[in-house]
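K.L.:
Please find the sequence and the predicted model below.
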There are 2 protein chains.
Amino acid sequence: MYEAGDVRVETVPDARLIEPTDAVLTVSHASICGSDLWPYKTMEHSETGRRMGHEAIGVVEAVGADVRTMNIGDVLIMPFAYSDGTCVFCHEGLHTSCVHGGFFGTSDVDGAQAEAVRVPQADGTLVALPVGKDDALMPSLLTLSDVMGTGHHAAVAARVGPGKTVAVVGDGAVGLCGVIAAKRLGAEQIIIMGRHPDRIELAREFGATAVVSERGEEAAERVRELTDGFGVHSVLECVGLEQSELTAIEIARPGGAVGRVGVPQDETIPASQPAFYNNISVSGGPAPVRAYIEELLPDVLEGRIEPGRVFDRVVRIDEVPEGYRAMNEREALKVMIEF
Amino acid sequence: MYEAGDVRVETVPDARLIEPTDAVLTVSHASICGSDLWPYKTMEHSETGRRMGHEAIGVVEAVGADVRTMNIGDVLIMPFAYSDGTCVFCHEGLHTSCVHGGFFGTSDVDGAQAEAVRVPQADGTLVALPVGKDDALMPSLLTLSDVMGTGHHAAVAARVGPGKTVAVVGDGAVGLCGVIAAKRLGAEQIIIMGRHPDRIELAREFGATAVVSERGEEAAERVRELTDGFGVHSVLECVGLEQSELTAIEIARPGGAVGRVGVPQDETIPASQPAFYNNISVSGGPAPVRAYIEELLPDVLEGRIEPGRVFDRVVRIDEVPEGYRAMNEREALKVMIEF
């Protein structure tokens, strides 16, 4: 990406091992993330461009001398952050704060919307799959690299559990995965807040029990009507705008929790006083999806959850710019790249 | 209080029963709260004035027809909020969100810096004490009406537990009670952030293991130096200003928690993005001190904690205006009113 709206497919030097803890993956599947649309909307011009992409499944092509847990030809999931798996934060399950970690598609490490990608901290980062790269489950497995783990993180941060009432702010791919996560964790009532008919339909199939399409204060009133006037125990904030955070705090019940996974676009969190007087907790952040893969993988492999249904368009590498355009204009919910 | 700086002691009609669920207490001990200083600094002129005070111990003088759990002459603690004890929020331990509840010293209910006070929802609100009103433990018992329960709430919201590292932002009476609470919950390291020598000395006696007297970014650096560069697991935010909230978020370790009990003076919470990228949770609010009395009372009665040491001045009712002045000018840490 060279600037807002300018995504180009270019031939670059092959990905190669740099550190002995690296692996190089031949990417079989990648995707475009909602968070890729923030720079797509706002990025200033860059002479060198930025390598994009942080969600992938790939096949091991090369491993450094210190890599122990994988072999050439293995099929693995690449979470959107790399992590050593051994530091204090990884041990606490917060791999996105790994002391030797970082994020793909940044100035540190190249992006995964590419034929191949170098993966630092390969042993700590990558998770082997028990299926081949042509398996029909690939779309759902690919979501474990980000959106499904992120929706799950929102639900965990929002303290979803059996019998809880839940609202999901945002009907993008993460919000829809949040619906899956909330149902999976035993929520009794799941309100999806959004206004795109096809996404709402998918949310219902994933387990949403009610839809609120209003915005702002009207939306908050509708949620309160649906919850005996109190609001919900758990709010999954899957957008990151001031208005969506405000709504999230307004619809939380006293003592409730907001789990934020939408990358915040503002410097402050709104509604400090309502959050305070109602003892609402605001938490969340970049999801440690690496920590969640073991928990979610069996449910994907055994078909209990189907997060791959969020992909409604598949492109080849040369069509990636068109994929960005389609997602940005909301023609596509989420775009998968097959190689 | 008629306006900022203008506190008057006046003769008013006697407190009396209004609802059948009311009790009237003859107040034996009351206190001035740090939160009373916000209106003392900023209140606009009021023709009728505002009845102040929400922390008290008293003796039952009269009970309504529906009051079941107390007798005339009983000595009881009055938490700063009244609550029915039976609604869904009271059952969840969040008595400050009681559906029939409210706060003393507001337009609803008169204040407790008075010879007598009407207590709504008496059965749900008041907690009987097994000691007489002249017991030497009265100062510590009085703190269970607010500051000790509030410090405990900050610690609970900040997820303090065995082995955790803790910072307490603010060396007022609530912050000092937060130190007691953190030690009581098993914290390994407790950093008090403040700059008043006498308060810091008391914090050390309560269990603080380190002191940071710097402010702003310097303070954050000092805390990181004391914690292997990571910050603390738990921050007790006991001030409520933008700068103190910012510091609280800056010194929390990734995955850590900020428990807010300082009444927020701003409309937004600062540092949304740092809080997000580090997966820091921000929670807290008005403490459900009613919920905590049973837990904390044995420790006070058996002398394991001595929160009453935060009172460094005792006044009679006619000296209350002087008590406000002394607390506001930081001559006094916390003022008790004896009747």
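P.N.:
Looks like it arrived, so ask away. Residues are numbered from 1 along each chain as shown, chains lettered A, B, ... in the order given.
K.L.:
show me where the stretch 151-300 of chain A has strands.
P.N.:
A:165-169, A:189-193, A:210-212, A:232-237, A:252-260, A:281-284 (DSSP state E, counting those that start in this stretch).
K.L.:
Could you dump those strands into CSV with mean pLDDT, distance to B:Thr227 and mean neighbour count added?
P.N.:
Just so you know, the C-beta spots here come from the backbone N, C-alpha and C atoms, and that holds for glycine as well. CSV is the format used below for the strands of the stretch 151-300 of chain A (pLDDT from 0 to 100; distance: least, C-beta to C-beta, whole Å; neighbours: other C-beta atoms under 10 Å in any protein chain shown):
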stretch, mean pLDDT, distance to B:Thr227, mean neighbour count
strand A:165-169, 98, 34, 32
strand A:189-193, 98, 39, 26
strand A:210-212, 98, 43, 20
strand A:232-237, 98, 29, 31
strand A:252-260, 98, 25, 27
strand A:281-284, 98, 20, 26
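K.L.:
Tabulate these in TSV, adding columns for distance to chain B.
P.N.:
What follows is those, written out as TSV (distance: least, C-beta to the nearest C-beta, whole Å):
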stretch	distance to chain B
strand A:165-169	12
strand A:189-193	15
strand A:210-212	20
strand A:232-237	10
strand A:252-260	3
strand A:281-284	3
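K.L.:
out of those, nearest to A:Met78?
P.N.:
The minimum distance between A:Met78 and these falls on strand A:281-284, with 22.2 Å, by C-beta to C-beta.
K.L.:
now for the closest one, which elements pack on it?
P.N.:
helix A:147-157, strand A:252-260, strand B:281-284 (3 or more C-beta pairs under 8 Å, 6 or more residues apart in numbering or on different chains; DSSP states H and E).
K.L.:
hmm, 10 Å instead?
P.N.:
Counting contacts by 3 or more C-beta pairs under 10 Å, 6 or more residues apart in numbering or on different chains; DSSP states H and E, strand A:281-284 packs against helix A:147-157, strand A:232-237, helix A:242-251, strand A:252-260, helix A:272-277, strand B:252-260, helix B:272-277, strand B:281-284.
K.L.:
in the fifth one, what counts as buried?
P.N.:
Right, helix A:272-277. A:272-273, A:275-276 (16 or more other C-beta atoms under 10 Å in any protein chain shown).
K.L.:
Not counting its own residues, what contacts the helix or strand harbouring A:Ile337?
P.N.:
Using DSSP states H and E, A:Ile337 falls within strand A:335-338. Contact partners of strand A:335-338, identified using C-beta atoms under 10 Å, 6 or more residues apart in numbering or on different chains, comprise A:27-33, A:36, A:53, A:55-56, A:112-114, A:133, A:138-139, A:142-143, A:173, A:308, A:310-317, A:319-320, A:322-327.
K.L.:
Strands - which of those land there?
P.N.:
A:27-31, A:56, A:313-315 (DSSP state E).
K.L.:
Buried ones among those?
P.N.:
Going by neighbour count (16+ other C-beta under 10 Å), the ones in strands among the contacts of strand A:335-338 have A:27-31, A:56, A:313, A:315 buried.
K.L.:
Tell me which residues of stretch A:28-46 come out buried.
P.N.:
Buried-residue list, stretch A:28-46, by 16+ other C-beta under 10 Å: A:28-36, A:39-40, A:43.
K.L.:
Then stretch A:200-218?
P.N.:
Buried residues in stretch A:200-218, counted by 16+ other C-beta under 10 Å: A:200, A:202-203, A:206-212.
K.L.:
What separation is there between the spatially most central residue of chain A and A:Leu141?
P.N.:
Among the residues of chain A, the one closest to the centroid is A:Val147, at 2.7 Å (C-alpha atoms, centre = their mean). Distance, A:Val147 to A:Leu141, using C-beta to C-beta, to the nearest Å: 12 Å.
K.L.:
so what sits against both of the two?
P.N.:
A:307-308.
K.L.:
A:Ser31 bridge partners, please.
P.N.:
Note on A:Ser31: beta-bridge partners A:Met336, judged by DSSP bridges.
K.L.:
that older thread, which of the buried residues of stretch A:28-46 sits closest to B:Arg224?
P.N.:
Looking across these and measuring by C-beta to C-beta, the closest to B:Arg224 is A:Ser35, at 28.2 Å.
K.L.:
dump the residue contacts of that closest one.
P.N.:
By C-beta under 10 Å, 6+ apart, the neighbours of A:Ser35 are A:54-55, A:80, A:105, A:146-147, A:150, A:174, A:240, A:261-263, A:286.
K.L.:
pLDDT wise, what is it at?
P.N.:
According to the prediction, A:Ser35 has pLDDT 93.
K.L.:
Also A:Ser107?
P.N.:
For A:Ser107, pLDDT reads 82.
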